[in-house]
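Novice: kindly generate the corresponding structure for this input.
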Amino acid sequence: MLAIVCVAPVVASYVAYYWLKPAGRLNYGELLEALPASEIAGTQVDGAPFRLSAYRGKWVLLAADEGTCEDTCRRKLYATRQARTIQGREQQRVVRVWLRRSDAPPPAAAPLSQQPGLIAARIEPARWPVLHGVGDTGQNIFIIDPLGNLILRYPADPDIKRMAKDLERLLWASRIG
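Specialist: Numbers count the residues shown, from 1 in each chain. So this is what the prediction gives:
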């Protein structure tokens, strides 16, 4: 009887691991193979130099647009703002970055004034990033971890609550950044 009591948890763990697979995943965003993000350099809207690597140690919500900031762009910026704001006191660990091509027309002041804390940077067309084969950045929102790795990709118009929940889980599980 004592042997059965001792062996039962081990047998139960093997059964659970090998035969009872979870039906779905918890994360909303598309999980990417953790590869370092390309070094991205440019100029911020105020003229200051910009380097993506300067934000190592922080979680980065990265959005990019090739042209003017139309409806899709505004929805992306709104989604990143809301996902960060929902984090409450943990929002200080998250940085929002918006990349634009330097040859694109300047953005209207109205969208930028509605985005407090947004780091907007202009990137030369020749250096416009395609982030390690994970797709055109103009159609996605990315999360970059504090070590500089791309880890999650979201569509251009994400479900904000689900994106915020993913970010909350990341911040809870990680003490870096």
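Novice: from now on I want contacts and neighbour counts done on CA atoms only, so please keep to that.
Specialist: Will do.
Novice: now the strands: where do they sit in the chain?
Specialist: Ranges of strands in the chain, per DSSP state E, are 30-36, 41-44, 49-51, 59-65, 94-101, 118-123, 140-144, 149-155.
Novice: what packs against the second one?
Specialist: To tie it back to what came earlier, the one meant is strand 41-44. Applying 3 or more CA pairs under 8 Å, 6 or more residues apart in numbering; DSSP states H and E, one finds that strand 41-44 contacts strand 49-51, strand 118-123.
Novice: list the pairing partners of the longest one within its sheet, with orientation.
Specialist: Okay, so that is strand 118-123. strand 41-44 (antiparallel), strand 94-101 (parallel) (DSSP bridges).
Novice: any idea which of the ones you listed is most buried?
Specialist: Comparing those by mean neighbour count (mean count of other CA atoms under 10 Å), strand 94-101 ranks first with a mean of 23.
Novice: any idea which residue sits dead centre in this protein?
Specialist: Nearest to the geometric centre of the chain sits Ile143, at 1.6 Å (CA atoms, centre = their mean).
Novice: is it true that that residue touches Leu61?
Specialist: Yes - look at Ile143 against Leu61 with CA atoms under 8 Å: they come within range, at 4.8 Å.
Novice: quick revisit: which one of the strands paired with strand 118-123 lies nearest to Leu118?
Specialist: strand 94-101 (5.3 Å; CA to CA).
Novice: tell me the gap between the closest one and the middle of its chain.
Specialist: Strand 94-101 sits 10 Å away from the centroid of its parent chain (CA atoms, centre = their mean, to the nearest Å).
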